[in-house]
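**Student:** Fold the following.
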Amino acid sequence: MAAFQRKYEPHCVTVAEYLHFKKCGYVVIKELVPPEDVAELRTHTDDLMQGRLPEQKNPQEQGLEAPPEHLSPHEKAQFFLRIHMLHRRLELHERYMLHPRVLDVMQALVGPDVLALQTMLFIKPPGKPGQGWHQDSYYIPTHPDTLCGAWIAIDDCDEHNGAMWMAEGSGAEPVFPPKAGGWHGDRIIKDISYVDGVSDVDDAKNDLAKVAGKYPQVLLPAKAGDVAFFNGHVLHRSKQNVTTDRYRRSFVSHYCNARSFTQWGEDKHDARIHKSPAVEPSNHMTNGSHILARGDTHLPFALPRFDTPCAALLSPEERRCQSNFAAASVGDMGSGEMDMKPADPAIEHDDEAVAAKV
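**Tutor:** This next block holds a predicted model:
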């Protein structure tokens with residue numbers, strides 16, 4: 001049964017989980033993805049590693065590479081390290097990017113309006129290297145800055161097969177721009193340090209290693225089905241898989257608040273765009289290349305290619321009904337008491353609401 005056809009018990013984030021995310025920059029939700037879903041992801045990844053997916057049979061048409069046929073099964077399993085953006089090619093990847101329980105958590109952390117931006121499938125076979133210290137918002141800027149990753153463990157992982165490490169508390173740091181130039185990072189901050197070697201596994205070459213050194217470096221061991229959520233500023237890394245027989249496979253997606261503007265990740269091929277082109281010519285906005293997962297937005301968004309249920313498929317009226325308008329705090333000038341009432345989107349100015357109370 002396809003994952004989106006299953007019924008899921010909603011996950012309500014606890015105060016402790018919310019506080020941990022805000023204070024430390026990450027939180028791990030245990031057993032968030034059910035075992036049957038993990039089994040589906042694992043079987044799919046096994047098939048992809050061996051080139052057995054239908055989309056790999058004709059890569060010229062489908063655009064999905066397969067390991068060379070002459071390789072042994074062991075060699076084929078070593079062929080991929082990670083693959084980006086397969087949700088634009090494979091129905092299963094779109095479904096897991098829009099997994100209801102992952103989105104439940106994401107709504108609490110960056111919502112209520114959630115835009116789904118990116119997917120990555122990590123294979124990380126035995127012996128393969130990790131990735132050095134980096135911040136995800138360095139690569140995927142959003143304005144306001146609301147980026148958040150969700151890392152689903154397909155295999156159990158620990159320090160031996162390359163689990164992630166977090167510099168706990170470093171999510172409060174700005175995004176450090178590169179010395180080489182470009183538009184990355186928080187350049188508006190007067191005395192910010194410019195960095196070289198971002199993501200380099202050699203700490204001597206990666207200037208962010210010095211920043212990470214100011215914080216406790218915490219290993220995130222995980223069981224299959226656990227999901228790590230981490231904000232776009234927190235410094236994180238992984239190390240080499242030093243085992244001889246264990247993979248460290250994971251399905252990673254990135255999201256932001258759907259009211260945030262982004263110029264990242266244009267879909268140049270076949271984006272199903274709502275209301276406007278994928279890239280708005282005057283400001284290079286690419287929101288229209290990304291799927292509205294939950295809530296609503298005033299910005300463009302794409303529809304899911306494989307019709308996975310999400311907010312993008314709802315009518316504007318349905319999205320409006322499901323999206324909670326902020327409560328308006330209105331002061332009664334006569335009594336001095338404060339009253340809470342639902343914000344009325346039809347009222348153009350707050351003073352109209354105040355006038356109605358006095």
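**Student:** Got the phi and psi for K57?
**Tutor:** Here is the backbone geometry of K57 (degrees, to the nearest 10): phi -70, psi -30.
**Student:** How about the contacts made by it?
**Tutor:** Applying CB atoms under 8 Å, 6 or more residues apart in numbering, we find K57 in contact with A66. Glycine gets a C-beta too; all of them are placed from N, C-alpha and C.
**Student:** From E168, how far off is it?
**Tutor:** K57 sits at a distance of 45 Å from E168 (criterion: CB to CB, to the nearest Å).
**Student:** swap in E317?
**Tutor:** Distance, E317 to E168, by CB to CB: 44 Å.
**Student:** same thing with S260?
**Tutor:** In this view, S260 and E168 are 25 Å apart by CB to CB.
**Student:** same check, this time on D267
**Tutor:** Applying CB to CB, the value for D267 to E168 is 35 Å.
**Student:** With G111 instead?
**Tutor:** Distance from G111 to E168, by CB to CB: 24 Å.
**Student:** quick one: which of those two has more around it?
**Tutor:** The residue with more neighbours, out of G111 and E168, is G111; 22 against 19, by other CB atoms under 10 Å.
**Student:** burial of V15, as a residue count?
**Tutor:** Other residues near V15 come to 7 when the count uses other CB under 10 Å.
**Student:** ah, wrong one, I meant I192
**Tutor:** I192 has 15 nearby residues by other CB under 10 Å.
**Student:** Let me know the secondary structure of the nearest residue to V28 once chain neighbours are set aside.
**Tutor:** What sits nearest to V28 in space, not counting adjacent residues and going by CB to CB, 6 or more residues apart in numbering, is A228, at 4.9 Å. Three-state call for A228 (DSSP: H, G, I helix; E, B strand; the rest coil): strand.
**Student:** helix, strand or coil for V211?
**Tutor:** Secondary structure for V211, judged by three-state DSSP, is helix.
**Student:** Tell me the bridge partners for A228.
**Tutor:** Beta-bridge pairing for A228 (DSSP bridges): V28, W151.
**Student:** ok, now which ones touch D200?
**Tutor:** Residues counted as contacts of D200 (CB under 8 Å, 6+ apart) are G132, N206.
**Student:** How much space separates it from D207?
**Tutor:** With CB to CB as the criterion, D200 and D207 are 9 Å apart.
**Student:** List the buried residues for stretch 203-218?
**Tutor:** Using 16 or more other CB atoms under 10 Å as the test for burial, stretch 203-218 gives D203, N206, D207, L208, A209, V211, A212, Y215.
**Student:** related to what we said a few turns ago, what's the residue nearest to V28 in contact with, if anything?
**Tutor:** Neighbours of A228 in contact, by CB under 8 Å, 6+ apart: Y26, V27, V28, I29, G149, A150, W151, A153, M164, L220, A222.
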